[in-house]
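Asker: Everything below, folded, please.
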Amino acid sequence: MQEILSEAMVLHIERYYAALSEAAAQAAGAAEALRLLVDALFTEDTDRHWRMWFDCWNAGDQDPDQAFARGQAERYEAWHTQIRELAERGVAEGEFSSDDLDGFTVRFAALADGLALQRLRQAPPLSTEDARRHLNRLIETELRRRS
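Answerer: Numbers count the residues shown, from 1 in each chain. As a prediction, this is how the structure comes out:
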């Protein structure tokens, strides 16, 4: 039964991030791609995704041979790579200026996860708009926009 649940979680997560990747790739620039990413991370419909994401991490801790945990770590690494590549794209195209893209990537992913957990727990209450605002503020602060 755990294997079926795990596979369902993996399929959901892979589809979710594939759609995010496709939208980001088609954006006119990195700033727009990051905005689309932030908007997609926090909608009224993404609470289910975030529950599955956290359940998936927990399931990895329960896997005796660690295969599921390795798969989850690979997906998380791919997520970090996507964030980093969008930030790099913005720097290369002259939209952003940053001297710490690795740090930005870690902070973006950590803030997104933390905001998602706070949103699910509603302790303290957090709206989707506020979650987006916090992530967009991080982008504005860390990836300084060039005029």
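Asker: and the helix or strand where R84 lies, what does it pack onto?
Answerer: R84 is located in helix 67-92, with elements delineated by DSSP states H and E. Helix 67-92 sits against helix 2-26, helix 30-41, helix 47-62, strand 96-97, helix 101-121, with contacts defined as 3 or more C-beta pairs under 8 Å, 6 or more residues apart in numbering; DSSP states H and E. (Glycine included, C-beta is placed from N, CA and C.)
Asker: other SSEs contacting the longest one?
Answerer: With contacts defined as 3+ C-beta pairs under 8 Å, 6+ apart, the packing partners of helix 2-26 are helix 30-41, helix 47-62, helix 67-92.
Asker: circling back to that earlier point, with mean neighbour count and distance to Q82 added, can I get the helices and strands packed on helix 67-92 in JSON lines?
Answerer: JSON lines is the format used below for those (neighbours: other C-beta atoms under 10 Å; distance: least, C-beta to C-beta, whole Å):
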{"stretch": "helix 2-26", "mean neighbour count": "14", "distance to Q82": "6"}
{"stretch": "helix 30-41", "mean neighbour count": "19", "distance to Q82": "8"}
{"stretch": "helix 47-62", "mean neighbour count": "15", "distance to Q82": "15"}
{"stretch": "strand 96-97", "mean neighbour count": "18", "distance to Q82": "16"}
{"stretch": "helix 101-121", "mean neighbour count": "16", "distance to Q82": "9"}
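Asker: is it possible to export these to TSV including mean pLDDT and distance to A131?
Answerer: What follows is the helices and strands packed on helix 67-92, written out as TSV (pLDDT from 0 to 100; distance: least, C-beta to C-beta, whole Å):
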stretch	mean pLDDT	distance to A131
helix 2-26	75	15
helix 30-41	91	8
helix 47-62	74	10
strand 96-97	94	22
helix 101-121	94	4
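Asker: Is it possible to get JSON lines of the ones you listed that adds distance to R145?
Answerer: As requested, the helices and strands packed on helix 67-92 are exported to JSON lines (distance: least, C-beta to C-beta, whole Å):
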{"stretch": "helix 2-26", "distance to R145": "18"}
{"stretch": "helix 30-41", "distance to R145": "7"}
{"stretch": "helix 47-62", "distance to R145": "29"}
{"stretch": "strand 96-97", "distance to R145": "7"}
{"stretch": "helix 101-121", "distance to R145": "14"}
